[in-house]
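Visitor: using only what follows, build the 3D model:
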Amino acid sequence: MLTNDDLLLWFQRLAIPAQTRSIIDCIRSSGPSRHVGGGRSNVSGRYPSRKMGVTIQFESHRVELAGVYEMEHDAGVLEYFDQPPSIKLDYASATGKRIGVLHTPDFFVIRDRDAGWEEWKTEEELQRLAERNPNRYCAGVEGRWRCPPGADYAERLGLYYRVRSSAEIEWVYQRNIQFLEDYLRVDSPAISTVSRESAVAHVSATHGLPLEDLLRLNTVSPDDIFAMIAANILYVDLRAAPLAEPSQVKVFTTSEVASRTKRDSARKLDMFSWGAVHCGSTLTWDCRIWKVVNIGEASVGLLSEDQRLTELPVAAFQSLIRQGRIEVALRNLEHVSDSAVHQQISRASERDLQVANHRASHISRYLDFGTLPAETDVPARTFYRWLACYRSAEASCGSGFVGLLPKHSQRGNYTPKLPEASQRLMEEFIDLDYETLKQKTKYASWAGLKAACEKQGIQVPSYKTFCVASTRRPTFNQTLKRKGRRAAYQVETFYWDLDQKTPRHGDRPLEIAHLDHTELDIELISQSGQALGRPWMTLLTDAFSRRILAFYITFDAPSYRSCMMVLRECVRRLGRFPQSLVVDGGPEFGSTYFETLLARYECTKKTRPPAKARFGSVCERLFGTANTHFVHNLLGNTQITRNVRQVTKSVDPKKHAIWPLAGLYDRMCEYLYDIYDTIQHPALGLSPREAYASGLAAAGQRPQRLIAYDQDFLIWTLPTTSKGTAKVSPGRGVKLNHFFYWSDALRDPAIEQQQVPVRYDPFDAGIAYAYVGKRWVQCISEHYSSLRGKSERELMLATTELRRRAQQHAGQFTVTAKKLADFLASVESEETLRAQRLQDREAKSVLTIIEGGLANPDRRDMTLKEAGDIDQQDVPD
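Guide: Just a heads-up that it's a prediction; the model follows:
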């Protein structure tokens, strides 16, 4: 970001007026004016910007996020701010009425030479808005969109207002920026001198060396190569070809060498193409075949397939060759036909093609040898009719075969039999009476149509005709009008994105990960045999390799605790964080704690739209796989409960439950991390583990993304209070969630009555952490003996129970630390909290398994100090 001195120099250099300076200062000092949401179909989220030092909101990952990537890595962009304060737009509506609206642009951008507001929208949305409000959005010169009222407002301040369309986005560049982002975030990449000299030498020897060949060198690692590209030590045109396809990427030493090589190649191609043209050459131009009949000093004569002569000036002919619109045919292209011929053949049925082939065989023998078919095979009159059709089609469209196709489909009268009035009334009834939320039956709607027709004295459509007409209506629109958006989503046409954009599963492992929860189809018991219900599983999976990065099982409903544990487990197992994390709109994913953790480790959060399961299809599919292939084969699975009437005491899953949480977790680890991980995935052609390993080998190990599983990381995964800080009270410590916590480090007079950052352990209410003296210190609760081992969930239940009991009596009631501690220690709470304590006890057995996994001879990991290791003498009185 700009310093105050840098901003002042920028103001002076561009002569920004005082009023505009105050507006820019207001934008820079205020946060986003609104929190974005993706709406019904957009993926929204937050991007951790290193340039700005904050997370930047985006409302669409296909439009606004592309703009964020562009501004983040554009040296000409000094600062950019999402959702700046609203501005007022005055314009005339389509009916001529003057209106004024408060409008919040997507970004305010400070560039090296100017500044202003930018609004990013899809090309399709802009076209719709231009039809509805032509005075607000309109197409300008060269197809660029404009917002005249926005431009008028900005120009009065010496700024700009730009409408940015999705048509402007260069998707190859976007894909490459995301591929290189791990290297672009490093200020000074560590590249060995040997690797640097070796790579530069190979590229200098062969200008335009394919990246694929460079990656094969044993002396240079892929990480060093990509780091050199990101640092401009090696030059690659990031707009030309995706780095994930190295055979298509050309590497140069500098951009100047790349430009010179490109000009030389174009000149050689021009010379080759022009030199290859001579009289008699066959060319292709606009999908048609031409023959060169004359090459003069001023013009070139071309003869088309239908024997029409065309002359082009030599300069124009050479220009068409340079543009690639005219190509010299290198092989016989006489079989190239018009698109209409292909359409007719593609529409023909298999039976029609058999008939046409039979007729063509007789025609071919006649044309080659003059042999007529036998009268017993084909009558002469029929044969000559075929021959006439063949020659007619050959003359009209260049293919006689098309004339031999039978035209059975054109027989009969296909015009509607109903009178136009009846047809119109039937369509009206289907639209306004049948396709409504009442969900009338077809017969009931037809009965109304019948009465209306009889009243108007017009012909009544039959019930069968009505059913056929209603069935031919678009299924999605009909379901939407009768059952609503969620039901219609099931039959919505799957959107196939044919334009090359960024791959939906990424170009490499850990580029995109999906995080979601599901309730497993199994009943569990405690170690003592008591039924505890169904557990929840939180799953983190890699979209590229379909590998399970981590999972966590607990009895608690989805919360930030599950998110924390699964991200911990991911770093413990792999030492990495994903670059982008796709989540749903659950409240646990919108917590400040969760977003802070992602921002700290530079992970982009993407929130998929509600009720759009296809956006999370990777996780959803794996949930189904885990249930079908593993859980449904265990005693106590709940498949039968889907048919409630079939459930009896003898088959009740709760009666057959034998699995405790720790046992299930242990076996689930074996299934997900060993069995599923090594089975060939049908979409990949290899196992997830192999896809993950090969992806890292091709895209680089990216050591700069490694995260140490140490005390600092574990502290970052702990939640904090709503304020994030707590005041140090002399002699008592810091207060979190009703309780005071103490450490000898809090005795320092310099921090007394000061706010310090704090964190707490959601699985042990007896301890908390405070940031004092540039380090995190462990603090112990004043009620440690009562709170030791108690989870945050249990404290919440106890607080709720105390409030409920107080409400049964008159008067106010305040939950104090002493009341809560006494309640937790009392026999009275046993029945209320018994189930939660049993579930917490089972959850701790899972944590024991996880911590036991830390005993890895290849890696020494640090964990938070166990509460049980605390000396009782350290507990404050």
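
Visitor: SS state for residue 118?
Guide: Secondary structure, DSSP: H, G, I helix; E, B strand; the rest coil: residue 118 is strand.

Visitor: let's verify residue 476: helix, strand, or coil?
Guide: helix.

Visitor: try residue 257
Guide: Under three-state DSSP, residue 257 comes out as helix.

Visitor: same deal with the one 4 residues further on?
Guide: With three-state DSSP as the basis, residue 261 sits in helix.

Visitor: near it, how many other residues are there?
Guide: When counting by other Cβ atoms under 10 Å, one arrives at 14 neighbours for residue 261. Just so you know, the C-beta spots here come from the backbone N, C-alpha and C atoms, and that holds for glycine as well.

Visitor: wait, it sits on residue 252?
Guide: Yes - using Cβ atoms under 8 Å, residue 261 makes contact with residue 252 at a distance of 6.8 Å.

Visitor: what sits in contact with each of those two?
Guide: Each of 207-208 lies in contact with both residue 261 and residue 252 under the rule Cβ atoms under 8 Å, 6 or more residues apart in numbering.

Visitor: can you read off the pLDDT for the most centrally placed residue in the chain?
Guide: The residue lying closest to the centre of the chain (Cα atoms, centre = their mean) is residue 504, at 6.0 Å. pLDDT, residue 504: 75.

Visitor: for it, phi and psi?
Guide: phi -70, psi -20 (degrees, to the nearest 10).

Visitor: same thing with residue 624?
Guide: Per degrees, to the nearest 10, the backbone of residue 624 is at phi -60, psi -40.

Visitor: and the closest residue to residue 49 other than its chain neighbours, bridged to which residues?
Guide: What sits nearest to residue 49 in space, not counting adjacent residues and going by Cβ to Cβ, 6 or more residues apart in numbering, is residue 56, at 4.9 Å. Counting by DSSP bridges, residue 56 is bridged to residue 47.

Visitor: contacts only, for residue 56.
Guide: For residue 56, counting by Cβ under 8 Å, 6+ apart, the contacting residues are 46-47, 49, 68, 80, 82.

Visitor: change it to 6 Å
Guide: 47, 49, 68, 82 (Cβ atoms under 6 Å, 6 or more residues apart in numbering).

Visitor: can you lay out the residues you listed as TSV showing distance to residue 546, pLDDT and secondary structure?
Guide: Formatted as TSV, the contacts of residue 56 follow (distance: Cβ to Cβ, whole Å; pLDDT from 0 to 100; DSSP: H, G, I helix; E, B strand; the rest coil):
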residue	distance to residue 546	pLDDT	secondary structure
47	25	96	strand
49	30	96	coil
68	28	97	helix
82	33	96	strand
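
Visitor: redo these as a markdown table? Include distance to residue 438.
Guide: Listed next are those as a markdown table, based on distance: Cβ to Cβ, whole Å:
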| residue | distance to residue 438 |
| --- | --- |
| 47 | 45 |
| 49 | 51 |
| 68 | 46 |
| 82 | 44 |
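
Visitor: by neighbours, which of these wins?
Guide: Result: residue 82 is most packed of the contacts of residue 56 (other Cβ under 10 Å), 27 neighbours.

Visitor: isn't it right next to residue 57, touching?
Guide: Yes - using Cβ atoms under 6 Å, residue 82 is in contact with residue 57, at 4.6 Å.

Visitor: between the two, which contacts overlap?
Guide: Joint contacts of residue 82 and residue 57 (Cβ under 6 Å, 6+ apart) are residue 32.

Visitor: quick check: buried residues in stretch 93-106?
Guide: 103-106 (16 or more other Cβ atoms under 10 Å).

Visitor: let me know the closest of these to residue 34.
Guide: Taking Cβ to Cβ as the measure, residue 34 lies nearest residue 104 of those, at 6.0 Å.
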